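Asker: A structural model of the following input is requested.
(2 chains)
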There are 2 protein chains.
Amino acid sequence: MTRLDSAIRRLTAQRDLLDWAACEIAPSGLIVELGLGNGRTYDHLRQRLPGREIYAFERKVAAHPDCIPGDPYLIVGDIFETLPAFTERVGTGSVALIHADIGSGDEASNAAVARRMSPLFEPLLMPGGLLLGDRPFILPGCKDLSDEASVPKGRYFVYRRL
Amino acid sequence: MTRLDSAIRRLTAQRDLLDWAACEIAPSGLIVELGLGNGRTYDHLRQRLPGREIYAFERKVAAHPDCIPGDPYLIVGDIFETLPAFTERVGTGSVALIHADIGSGDEASNAAVARRMSPLFEPLLMPGGLLLGDRPFILPGCKDLSDEASVPKGRYFVYRRL
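Answerer: Numbering: from 1, shown residues only, chains lettered A, B, ... in the order given. Modelled structure (predicted):
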């Protein structure tokens, strides 16, 4: 498999999973995009979930200008500071879907970030709320759905809040 | 169509076209990748065309370390200087395939670059040699194949040296 094949597989798997989650989540509740990046998946989520409130978190905004959320839906800064403040503001259990695509090329640092980030997610999610991650997280209050048929194996990790 | 859909379409079209060209080109002759970028299409070309000499041109190398050609196949610098020097060195008519993926986000600058670049391509191509471009070029010595069924419409432009 070439790197071009691999990129196509990765993006297709990502799209399939976002489409699945868009059908699966509760009809109310906030949507959280962690890592706006180039804005591609944010654009996908807002088109698949019209009328839903989608908050995008990003350390340094570099998305296509068309894919940058307006005030108050863009939250710029270090997620370890902005996410707890957000939970405080919107209240625990108010999020229906978190999409966490935070990976850098550095696997050791990715794993450490995932460990530190895990405890921030559960308070945010409503019962039945979904977390889609580009890496495994440690979420004792969630059911790990990563082995279900709809999830691209080893490329995405899915958790549902109990 | 979302930006995620669009990225999948673009990469799939690119792969289909590279695969088509890999079958279509002459069994000898150099391969030229203009714009190494992240190295994805270079990786695809080298796996589809094993044993062929592939030269990659790039102003500023930022590809994945696995996808950077070794000496003398990586040519770093301004294409307007490096490409004429390359033609001088390898001789006119020695290239079977040029893949030119040079676009920036700036459409006006892209068009100007394409106009300036066009005259550099024809001397390099062997008779029957193919140029695949992410934009139209002005190549009076080539047949424009961009409307053929195998070419993704409006996303890629294909020329064959007469």
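Asker: number of nearby residues for the closest residue to A:Leu139 other than its chain neighbours?
Answerer: Of all residues beyond its chain neighbours, the one nearest A:Leu139 is A:Tyr159 (5.0 Å), with distances taken as C-beta to C-beta, 6 or more residues apart in numbering or on different chains. All C-beta atoms are positioned from the backbone trio N, CA, C, and that covers glycine. Neighbour count of A:Tyr159, defined by other C-beta atoms under 10 Å in any protein chain shown: 25.
Asker: isn't A:Tyr159 up against A:Leu145?
Answerer: Yes: under the contact definition of C-beta atoms under 8 Å, A:Tyr159 touches A:Leu145, with a separation of 6.6 Å.
Asker: spatially speaking, which residue is in the middle of chain A?
Answerer: Averaging the C-alpha coordinates of chain A gives a centre point, and the residue nearest to it by C-alpha atoms, centre = their mean is A:His99 (1.1 Å).
Asker: please name the bridge partners of that one.
Answerer: Here A:His99 sits in beta bridges with A:Glu33, A:Leu132, going by DSSP bridges.
Asker: gap between it and chain B?
Answerer: As judged by C-beta to the nearest C-beta, to the nearest Å, A:His99 and chain B stand 12 Å apart.
Asker: who are the contact partners of that residue?
Answerer: Contact partners of A:His99, counting by C-beta atoms under 8 Å, 6 or more residues apart in numbering or on different chains, are A:18, A:21, A:31-34, A:41, A:45, A:132.
Asker: please tell me I have it right and A:Pro69 contacts A:Tyr55.
Answerer: Yes: with contact defined as C-beta under 8 Å, A:Pro69 and A:Tyr55 form a contacting pair (7.4 Å).
Asker: any residues of chain A in contact with chain B? List them.
Answerer: With C-beta under 8 Å from any C-beta of the partner chain as the criterion, chain A comes near chain B at residues A:2-5, A:7-8, A:11-12, A:14-15, A:18, A:38-41, A:43-44, A:47-48, A:64, A:67.
Asker: rerun that using 10 Å as the cut-off
Answerer: Remark: the part of chain A in contact with chain B comprises A:1-12, A:14-15, A:18-19, A:38-48, A:63-67, A:105, using C-beta under 10 Å from any C-beta of the partner chain.
Asker: can you say which of those are buried?
Answerer: Burial by neighbour count, 16 or more other C-beta atoms under 10 Å in any protein chain shown: within those this picks out A:2-4, A:7-8, A:10-12, A:14-15, A:18, A:39-46, A:48, A:63, A:67.
Asker: from the contacts of A:His99, which is closest to chain B?
Answerer: When the contacts of A:His99 are compared for distance to chain B (C-beta to the nearest C-beta), A:Thr41 comes out closest, at 5.9 Å.
Asker: can you confirm that closest one is in a helix?
Answerer: Yes: inclusion of A:Thr41 in a helix is indicated when DSSP: H, G, I helix; E, B strand; the rest coil is applied.
Asker: got any ranges where chain A has weak pLDDT?
Answerer: Applying pLDDT under 70 to the predicted model, the residue ranges of chain A that meet it are A:104-105, A:149.
Asker: mind listing the helices for it?
Answerer: Listed in chain order, the helices of chain A (DSSP state H) span A:3-24, A:40-48, A:79-90, A:107-121.
Asker: buried set for stretch A:93-113?
Answerer: Under the neighbour-count criterion of 16+ other C-beta under 10 Å, stretch A:93-113 has A:94-102, A:113 buried.
Asker: how about A:Ser94: what's its closest non-neighbour residue?
Answerer: In this structure, A:Ser94 finds its nearest non-sequential neighbour in A:Leu30, 5.5 Å apart by C-beta to C-beta, 6+ apart.
Asker: give the contact list for that neighbour.
Answerer: Neighbouring residues of A:Leu30 by C-beta atoms under 10 Å, 6 or more residues apart in numbering or on different chains: A:52-55, A:73, A:86, A:90-91, A:94-98, A:124, A:126, A:129.
Asker: and if you look at A:Ala7?
Answerer: A:Ala7 neighbours (C-beta under 10 Å, 6+ apart): B:7-8, B:11-12, B:14-15, B:38, B:40, B:43-44.
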